[in-house]
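Chemist: predicted model, plus sequence, below.
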Amino acid sequence: MLQINKDWTLFLDRDGVINVERNNDYVYEPEQFHFYEGVLDTLQKCAQIFSKIVIVTNQRGVGRGLMTERQLADVHHHMHMQIKNAGGRIDKIYYATDIDNSAVNRKPNTGMADQAIKDYPTINFEQSIMIGNNLSDMEFGKRKNMRTVFVRTTKDYKDNDPLIDYSIPALSYFLTLLEAV
C-alpha cells in the first residue's frame, strides 16, 4: 500500500490511462476522446486526496503535422470539462509535441516534470506518483524519484521490471493501492 497524505502530487499519462488509446492513431477531435470506465469517479476521489494532479503526455501527432495545437487544446478542454463536471480536478496539462525521442520534454525525459515544479514549487517528487501505460512513463517517474504505477490497458506487464513499483489493470483500480495517513 502507498501511504500518502494531502502533500502528494499525482502525475498521469493521458492516452491509455485516462482515455482509450486509438490503435496506431491519435485523438484528433473531442468526439474521439473516450474515458475508460470508472476514470471520472477515480479522478473525483483523487481530487480530494492529492494536492496537485497534473497530466504529462507525449503528443507526437502535433510534431508530425497530423494535428494542430488548437485541435489538441480542444481535446484537452473537452477532457478537462468532463473531469470538472464529474467533481474531479486537473491542475495543469503538460504535453510534448516533439518528434525526436531525445527532446527534453518528451518522456522518458523529465522536461515536463521540470515545468511542473517551476509552476508548483511545493511539488516534492519523492511524494509523487506517476501513472502510465508505457515503460517510458515509468522511467520518467523513476528519473524524478516518484513511485510508479503501470496501467495494463494497452501493454503487457513485465514481471519484476525495476521501473514499475505497482501494476493495476486500469486507472479505476488505483485507489485500492492508497492508504491515506
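Modeler: Sure, I can see it.

Chemist: who are the packing partners of the helix ranked longest in the chain?
Modeler: Longest helix in the chain by number of residues, with DSSP state H as the criterion: helix 69-85. Secondary-structure packing of helix 69-85 (3 or more C-beta pairs under 8 Å, 6 or more residues apart in numbering; DSSP states H and E): helix 39-49, helix 60-63, strand 92-96. Just so you know, the C-beta spots here come from the backbone N, C-alpha and C atoms, and that holds for glycine as well.

Chemist: what's the closest of those to T176?
Modeler: Distance to T176, taken as C-beta to C-beta, is lowest for helix 39-49 among the helices and strands packed on helix 69-85, at 10.3 Å.

Chemist: where does pLDDT dip in this structure?
Modeler: Low-confidence segments of the chain (pLDDT under 70): 157-159, 180-181.

Chemist: go again with 90.
Modeler: Applying pLDDT under 90 to the chain flags residues 1-3, 5, 23-24, 154-160, 178-181.

Chemist: which parts of it are strands?
Modeler: For the chain, the strands defined by DSSP state E occupy 2-4, 9-12, 52-58, 92-96, 128-132, 147-151, 166-168, 178-180.

Chemist: contact partners of the second one?
Modeler: Residues from elsewhere that reach strand 9-12 (C-beta atoms under 8 Å, 6 or more residues apart in numbering): 18, 46, 50-56, 113, 116, 120, 123-125, 127-132, 141, 146, 171.

Chemist: now the fifth one
Modeler: Identification of contacts with strand 128-132 by C-beta under 8 Å, 6+ apart yields 2, 4, 8-13, 16-17, 56, 107, 137-138, 140-141, 144, 146-151, 171, 174.
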